[in-house]
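In: need the 3D shape of this:
(chains A and B)
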Amino acid sequence: MISQVFILSSKGDHLIYKDYRGEADKDAVSIFYEMVTALSGDQPPVVMSHKDLNFIHVRQGGLYWVASTKTDASPFTIIEFLNRLAALTKDYCGSLCEKSVRMNFALIYELLDEMVDYGYIQTTSTDILKNFIQTEAVTSKPFSLFDLSNVGLFGAETQQSKVAPSAAATRPIMSHRSEQGGKNEIFVDVVERISVVIGSNGVLMKADVEGEIRVKCYLPTCSEMRIGLNEEFSIGKSQLRGYGMAVRVDECSFHQAVKLDEFDTYRILKVCPSQGEQTLMQYQLSDELPCAPPFRLFPTVEKDYGNRLLIFLKLRCDLPPKSTALNVSVTVPVPKSSLSLSQELSSPDQTADLQLKNKAILWSIPRFPGGAQLSALFKVEVPGLSSASLLEVGPVSMSFELPKHTCTGLQIRFLRLSPTHPGLSQRWVRYVTHSDSYTIRI
Amino acid sequence: MGHDDLKEMLDSNKDSLKLEAMKRIVAMIARGKNASDLFPAVVKNVACKNIEVKKLVYVYLVRYAEEQQDLALLSISTFQRGLKDPNQLIRASALRVLSSIRVTIIVPIMMLAIKEAASDMSPYVRKTAAHAIPKLYSLDPEQKDQLIEVIEKLLADKTTLVAGSVVMAFEEVCPERIDLIHKNYRKLCNLLIDVEEWGQVVIINMLTRYARTQFLNPNINEGGEKAFYGSDDEDDDDEEKKAEAAALAKRKPYVMDPDHRLLLRNTKPLLQSRNAAVVMAVAQLYFHLAPKAEVGVIAKALVRLMRSHSEVQYVVLQNVATMTIKRRGMFEPYLKSFYIRSTDPTQIKILKLEVLTNLANETNISTILREFQTYIKSMDKDFVAATIQAIGRCATNIGEVRDTCLNGLVQLLSNRDELVVAESVVVIKKLLQMQPEQHSDIIKHMAKLTDNIQVPMARASILWLIGEYCEHVPKIAPDVLRKMAKSFTNEEDIVKLQILNLAAKLYLTNSKQTKLLTQYVLNLAKYDQNYDIRDRARFIRQLIVPTDKSGALSKYAKKLFLALKPAPVLESPFKDRDHFQLGSLSHLLNAKAGGYQELPDWPESAPDPSVRNVEVKDSVRAGGTVTLRGRAPGGQACGVFLSSDQSSGEEQKRNRKVVKERRSGSESESEEESESESSESESESEEESESDTDIKKKKKTIAPSSSVRMYELLHRITGEGLAVEYCFSRQPFSPDPHMVAVQIQFTNNTSSETKSLHIEDPKLQSGMRIKEFPEIGQDFLLPAGESVNVVMGIDFCDSTQAANFQLCTHTRKFFVSIQPPVGELMVPAFLTENEFKKEQGQLMGMNEISEKLNLGEKCQSDHAIVERVTAKANLSRVPCGSEKENRFAGKTVSSGSLVLVTVARKEGGGAQLTVNCEKMVIGTMLVKDILQALTQ
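Out: Next up, the predicted model:
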């Protein structure tokens, strides 16, 4: 049973405080913040106790979402609840950040009131909650051109001309009373996260892709939606479909509302999405990628005269030419005693610097078109350089985003609402691959 | 504090001003500021018509009622009125707020409200009643006995909505009354999959505890490896025989109670749940209850959870770490899933290491060690240290790789990172203790490190090693002591203590070379600032340096210092965690959290399993079921009380028959009677004094708690003893929301049992689909005289065409058909008034059907209209500003088309009925049905 729920900003400001059972002190909030900040390390423990009060928290949107309990409640329940609360807040307020929480405290308070009664979770389903929630969301969304140039471009490959600003998907779901925002839109995201380990000999040692199909629905009453995937989509090793290259995943799981009667033959997912965000399908692929990993690195590490270490990196992007990788950053760990860095980069929009705290070089590349090759030469001043220091270089890790690209090759063939919804309904599809952990050993 | 502006706004006539004021006040509460001085101004608005304002007032009221008890009482009457509202949402909300007001004076009012709500016709209100129980209990624990009665009653409720909430109340109020569960055990198992997710978690946890008290340990025969197939345990057999009358044909030494199997079978599909809490609850249930051979199924589900948020991963890994100690094999196939990613947070990395270490065995150790080697390069120092410790643990657990590990660790000694070296030294020290003879070169190597390593713990470890094994390094040891003596004053305390130790040991083995050095060190220590060190120095001096005063003890000095010391056992910090129930907070904290309920040990012999049988005479004794029986002989008209009555015994069935026979004769009449009676009892109860609860209870039972009508599918005679009835339970059919849920009740009137009930050969109109009830199972028997309920789903494609199919038992097949009344083809849709108007505006012309009618005599009030319309069609009421109108909304189950119904009353008993629906056929039929219901 939950005693209190509170939301804190990263600076420790009290944004929302709700006491359900009146059994815990009010200063619990400050106690919690003290405990969190007192700890070093990248992530404080999820569960912390102070006397007989236990705090469980998650971090989302740069905020602390905390529940406290005095009894032996299932920690999974509470974590899951806090995650749902954050997701619902996002659905209802449009986006998840300190500002939106501050502006919508009344709405969130109402949500908290309906979701939990005396510390017992009642419901977290949008369909049920929308009968009770009265407060309107407040949003502030200054339109900026930056949004258009940023990663979040929507649009299926076939409709290059039709793109929506990425802010379009960050508006509250409940806005039918104020008519201006109430467009009947539906967004479908295919999001993949790739993690790769490449050995020092350039061999792919480990690769896996986790993907999901997410739907964000703004249709007030939605009829059935049909999502067609590639017909070659196959699950498991044995099954092969179609003539072209198969789109294969190892495992697949679906949201309980998804109907699969046409999945086996036509690869069509049928669902009646409720308002808000849902994950329709999750899948993963391990060990085998259908195509080459997106980046290859050719490193050379040498001892120069004096105390200088030479690191020469050649980085090739193996994506198809029409794709582009964005926000690529390469981290190269260097010996502990490194002092300074001089660099030669191939274009001015790239940057590189030595981060003394982590003892690593961070090389950032804002745009990296497919098929291109970039090189960089780093000269690092390392006092007392020995041959053993060379071993301290590496492994290199990378992070990047690949918009309009899926590593598995999964595509959405079509997206139909049946029967065709009265009024304007717009459908948007986007693909993106994020790096989860991309490591290249040297 | 001047909140005058707010007070002014609250007193104004405009809702918008009130709303603004309330928002500002709630903002104050949300930020933890005090707003109690506004109480009088706020409480006045409790009866405000604007629902937005009203809700915010509720929020305020609940927060401050305790501080302003007298003023809070002013609001009570509003809620009491709310409890009688025809709209279920308002009744529920009134109960929720009323029960949240922590004022002791209103305890009797709350008690009464809860009792009434517990037999409300709306499951949503009954659910709210269940939630109110713990609140009242915490306010006044003396109400416990009365509350248990309500819990008992609600436990018998058959709706999924209520099940989770009442178990929550049970767990808080009377977890020790495990006997209340017996009768409901099978029902809870069967409902489980349809209960909402948060309820599932609570029910599964409770059932885990229940099973531990009622069933035998399924792994009881597992003395050794082969015991699994053992054929001993004759005595056990006898016991089981008694326990299970209907025994299976194939006998095994241990036979699981069918109820135990039922629980395992019905929880297994929930491993697919998207809610991590549900998955973990099932996982712990399997871990604690399932036979060893079956526990494996949870591994995959848990590994899947590791793909969610890092917080979830953290708790999952904690539990996996505990499980891997007991059941290593289970997770071995998923070894790779526990490999560490560079992006994992440190605490996740360390937990994964723990799991990998637990999983290590002779076959996979080389892979694991290779993986560990790359981890040492990480920039995360805590993680590197943990990796080195993990290597040490692998080395101690698996003899074959000890030397490999040791060599690897020794290589790390030349690492440039001091932390890596230090941690390696500590681990090597522990490893060497196991077989020092073979490794004098390593000890030598480490002796050299004292020049470079500064980390105190590492220095101390090296010194201890040299002292302990000084015979293996006779030349180096005195030299190390010499160096240490030089730097003694600058060392940390733990290093100083080890220098003293080293000196003492050398003095005892090699006093010629080290006598002076030892004296010197002891003298330095004598004047040290730390009393521990001074103390130790004095003790050592007395013990090792022979003087005339020193007693017999110094003879044994060598034995004391150089005794053979047992090697340390490197074991997992999770080793003994499993005495806490997995998935609990206590397990996570490794300490008892408040209210933790110990998982009981398996009983020695199984308690009587027949307590779970649901039979007539038992249900009489239990007294939880409301008195339906009393009325039966009188032949009073009544609906069938599916939702409030769990007993599926003979008597009730007979009763139902009576009703049905009457129904078939004059259906309309009987319905009318029941309706009028309900309104009567309602008005009466309002007048009655509160103390008169007994009479009231009786009255309440007469009101139809949920008038679900039973239809006959198969008559007892045509079915050769098998009678089948069905009703439209109006519950959502969770496997497929486009299907109408049809609840089917099988009653076996024969003298032998009926097996394997299932459906075959459906003949359906095109597009129609049937989702068969999961075949009750080969090993399930419907014993003579018992009955069972199942739910099947039919997609009628929004038409009233009948669904024809064959109902099969193990011996016979029967042709049957189910034809739905049009009102059952829809589910309630919750719309606001504005939405309703908007939608109605879009369904004009052909889609609108309007009829004039004269309301029947007993049908003049709002209440009666609502009752009749909702009885006829599965619609929900839409809030409405005008008093003359009643609006209802629903969606057709199959296509989700909206169905909007408006009944506008006119002067002099006339009314206008309007139905808006895209599906014209449905609209027309619905108009006809409702018209009939309203005019009689």
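In: what residues does stretch B:839-848 touch?
Out: Stretch B:839-848 has contacts (Cβ atoms under 8 Å, 6 or more residues apart in numbering or on different chains) with A:422, B:831, B:889, B:898, B:900, B:902, B:914-918, B:920, B:923. Yep, even glycine has a C-beta here, placed from its N, CA and C like the rest.
In: save the residues you listed as TSV, and put in pLDDT, secondary structure and neighbour count too.
Out: Formatted as TSV, these follow (pLDDT from 0 to 100; DSSP: H, G, I helix; E, B strand; the rest coil; neighbours: other Cβ atoms under 10 Å in any protein chain shown):
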residue	pLDDT	secondary structure	neighbour count
A:P422	60	coil	10
B:L831	80	coil	25
B:A889	90	strand	24
B:L898	87	strand	23
B:L900	90	strand	24
B:T902	89	strand	21
B:T914	90	strand	18
B:V915	90	strand	27
B:N916	90	strand	23
B:C917	87	strand	26
B:E918	84	coil	19
B:M920	81	helix	13
B:G923	86	helix	24
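In: any idea where the helices of the stretch 101-250 of chain A begin and end?
Out: A:105-115, A:126-129, A:145-149 (DSSP state H, counting those that start in this stretch).
In: give me the contacts around the second one.
Out: By that I understand helix A:126-129. Taking Cβ under 8 Å, 6+ apart as the rule, helix A:126-129 contacts A:88, A:91, A:111, A:114-115, A:123, A:173, A:274-276.
In: contacts only, for A:V247.
Out: By Cβ under 8 Å, 6+ apart, the neighbours of A:V247 are A:229-230, A:232-234, A:290, A:408-411.
In: just B:E471 next, same as before
Out: B:T509.
In: hmm, 10 Å instead?
Out: B:436-437, B:440, B:477, B:505, B:509-510, B:562 (Cβ atoms under 10 Å, 6 or more residues apart in numbering or on different chains).
In: what of B:M323?
Out: Counting by Cβ under 10 Å, 6+ apart, B:M323 has contacts B:283-284, B:287, B:295, B:298-299, B:302, B:330-331, B:355, B:358, B:574, B:577-578, B:582.
In: just the ones of these in strands?
Out: Among those, none falls in strands (DSSP state E).
In: ok, and the most crowded of those residues?
Out: Greatest neighbour count in those, by other Cβ atoms under 10 Å in any protein chain shown, goes to B:A283: 28 neighbours.
In: for A:L82, give me the pLDDT.
Out: Note on A:L82: pLDDT of 93.
In: mind saving the C-alpha coords of the strand or helix carrying it as CSV?
Out: Under the criterion of DSSP states H and E, A:L82 resides in helix A:75-93. What follows is helix A:75-93, C-alpha atoms only, in CSV (Å, rounded to 0.1, in the frame of the first residue of the first chain):
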residue,chain,number,x,y,z
PRO,A,75,8.0,-3.3,-5.0
PHE,A,76,7.1,-4.3,-8.5
THR,A,77,3.6,-3.0,-8.1
ILE,A,78,4.9,0.3,-7.0
ILE,A,79,7.5,0.7,-9.7
GLU,A,80,5.1,-0.3,-12.3
PHE,A,81,2.6,2.1,-10.9
LEU,A,82,5.0,5.0,-10.9
ASN,A,83,6.0,4.2,-14.5
ARG,A,84,2.3,4.1,-15.5
LEU,A,85,1.7,7.4,-13.6
ALA,A,86,4.5,9.0,-15.6
ALA,A,87,3.1,7.6,-18.9
LEU,A,88,-0.4,8.8,-18.1
THR,A,89,1.0,12.2,-17.1
LYS,A,90,2.6,12.3,-20.5
ASP,A,91,-0.6,11.2,-22.2
TYR,A,92,-2.7,13.8,-20.4
CYS,A,93,-0.2,16.7,-20.4
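In: that one and chain B, any residue contact?
Out: Yes: if you take Cβ under 10 Å from any Cβ of the partner chain as the test, helix A:75-93 does meet chain B, through A:75-84, A:86.
In: go on, stretch A:98-116?
Out: Yes: using Cβ under 10 Å from any Cβ, stretch A:98-116 reaches chain B at A:102, A:105-110, A:112-116.
In: the helix or strand harbouring B:Q743: partners in the sheet, and parallel or antiparallel?
Out: Assigned by DSSP H and E, B:Q743 belongs to strand B:740-748. Paired with strand B:740-748 in the same sheet, following DSSP bridges, are strand B:722-732 (antiparallel), strand B:787-795 (antiparallel).
In: got the contact list for A:D287?
Out: A:204-208, A:250, B:336.
In: state the pair within the contacts of A:V247 that is farthest apart.
Out: Spatial extent of those (Cβ to Cβ) is set by the pair A:L229 and A:P290 at 14.7 Å.
In: between those two, which one's more packed in?
Out: Taking neighbours as other Cβ under 10 Å, A:L229 and A:P290 compare with A:L229 leading, 20 against 16.
In: the closest residue to the more buried one other than its chain neighbours and A:S234, how far apart?
Out: Ranked by Cβ to Cβ, 6 or more residues apart in numbering or on different chains and with sequence neighbours excluded, the top spatial neighbour of A:L229 is A:R267, at 4.4 Å. From A:R267 across to A:S234, the span is 9 Å (Cβ to Cβ, to the nearest Å).
In: export the helices of the stretch 101-250 of chain A to CSV and tack on mean pLDDT and mean neighbour count?
Out: Below are the helices of the stretch 101-250 of chain A laid out as CSV (pLDDT from 0 to 100; neighbours: other Cβ atoms under 10 Å in any protein chain shown):
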stretch, mean pLDDT, mean neighbour count
helix A:105-115, 86, 23
helix A:126-129, 80, 18
helix A:145-149, 41, 12
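In: quick one: those as CSV, columns for distance to A:V47 too.
Out: Output for these, formatted as CSV (distance: least, Cβ to Cβ, whole Å):
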stretch, distance to A:V47
helix A:105-115, 21
helix A:126-129, 27
helix A:145-149, 38
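In: if we can go back for a sec, so how far is the strand holding B:Q743 from its chain's centroid?
Out: With Cα atoms, centre = their mean, to the nearest Å as the basis, strand B:740-748 stands 28 Å off its chain's centre.
In: just read off the phi/psi values of the nearest residue to B:T396 once chain neighbours are set aside.
Out: Distances taken as Cβ to Cβ, 6+ apart put B:L570 closest to B:T396, at 4.8 Å, once the chain neighbours are dropped. For B:L570, the backbone dihedrals (degrees, to the nearest 10) come out as phi -90, psi 110.
In: B:L570 touches B:R402, doesn't it?
Out: No: judged on Cβ atoms under 10 Å, B:L570 makes no contact with B:R402 at a distance of 11.7 Å.
In: show me the contacts for the closest residue to chain A within the stretch 751-900 of chain B.
Out: Residue of the stretch 751-900 of chain B nearest chain A, by Cβ to the nearest Cβ: B:F830 (3.9 Å). The contact partners of B:F830, by Cβ under 10 Å, 6+ apart, come to A:127-128, A:130-132, B:89, B:876-879, B:889-890.
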